[in-house]
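In: Pasted the sequence and its predicted model underneath.
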Amino acid sequence: PRARPPLVARAAGVVRAVRRMPDPRLTGLGTGVFCLAVMVALGCLDRLLFGSSLTVYGVLFLPVCVLTGLWVRPGDVLTAPIVVPIAFALGLVAVAESGEGAGGRLAGLVTALAMGAGWLYGGTLLTGLLVVVRRIRLIRRRAARNRPST
């Protein structure tokens, strides 16, 4: 056999690795639980390891958004873009700076949400794009299956 160029061989290895990955199909509720649990855990981890870095939290939010968009069941894809911003906000509780009392904690959370709005919008948009593409593919497959063969 002919030797492949190194870049092509590497890309083929990545494709094989992605195909071996699990392909779970989560319900809308399962997607919410997954996303919430992971973001709260990442928020706590960020606080412990990186001193509540909003940038680290935002970067970690993006892969969670991708997994949420890819792992939700085809019938529940429209729930994913709703779940990710909620999970971002709840996980942010661990990262946000807090002042005295409930008012100080709320002010810290609102400030962190304002400072992390770019990450929040970007991740939500990413999830939304993934689920729209998946929904379009699902509709096209159904239409092709229902089309009478001639």
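Out: That came through, no problem.
In: name the element residue 80 belongs to?
Out: Assessed by DSSP states H and E, residue 80 sits inside helix 80-95.
In: and that helix, C-alpha only, in CSV?
Out: What follows is helix 80-95, C-alpha atoms only, in CSV (Å, rounded to 0.1, in the frame of the first residue of the first chain):
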residue,chain,number,x,y,z
ALA,A,80,-30.4,21.8,24.4
PRO,A,81,-30.1,25.6,23.7
ILE,A,82,-32.4,26.3,26.6
VAL,A,83,-30.5,24.1,29.1
VAL,A,84,-26.9,25.4,28.5
PRO,A,85,-27.4,29.1,29.6
ILE,A,86,-29.2,27.8,32.8
ALA,A,87,-26.3,25.5,33.5
PHE,A,88,-23.8,28.3,32.8
ALA,A,89,-25.5,30.5,35.4
LEU,A,90,-25.8,27.8,38.0
GLY,A,91,-22.2,26.7,37.6
LEU,A,92,-21.1,30.4,37.8
VAL,A,93,-22.3,30.5,41.4
ALA,A,94,-19.1,28.8,42.4
VAL,A,95,-16.9,31.1,40.3
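In: any residues touching the next helix or strand after that helix, and which ones?
Out: Downstream of helix 80-95, the first helix or strand assigned by DSSP H and E is helix 101-115. Defining contact as Cβ atoms under 8 Å, 6 or more residues apart in numbering, one finds that helix 101-115 is touched by 54, 89, 92-93, 95-99, 120. All C-beta spots, glycine's among them, are computed from the backbone N, C-alpha and C.
In: which of the residues you listed sit farthest apart?
Out: Comparing every pair within these by Cβ to Cβ identifies 99 and 120 as the most remote, at 22.0 Å.
In: Between those two, tell me which one has more neighbours.
Out: Taking neighbours as other Cβ atoms under 10 Å, residue 99 and residue 120 compare with residue 120 leading, 19 against 12.
In: hang on, isn't that one packed against residue 88?
Out: Yes: between residue 120 and residue 88 there is a contact under Cβ atoms under 8 Å: 5.1 Å.
In: who touches both of these two?
Out: Common neighbours of residue 120 and residue 88, counting by Cβ under 8 Å, 6+ apart, are residue 61.
In: Which residue ranges of the protein form helices?
Out: Ranges of helices in the chain, per DSSP state H, are 6-20, 28-50, 54-71, 80-95, 101-115, 117-146.
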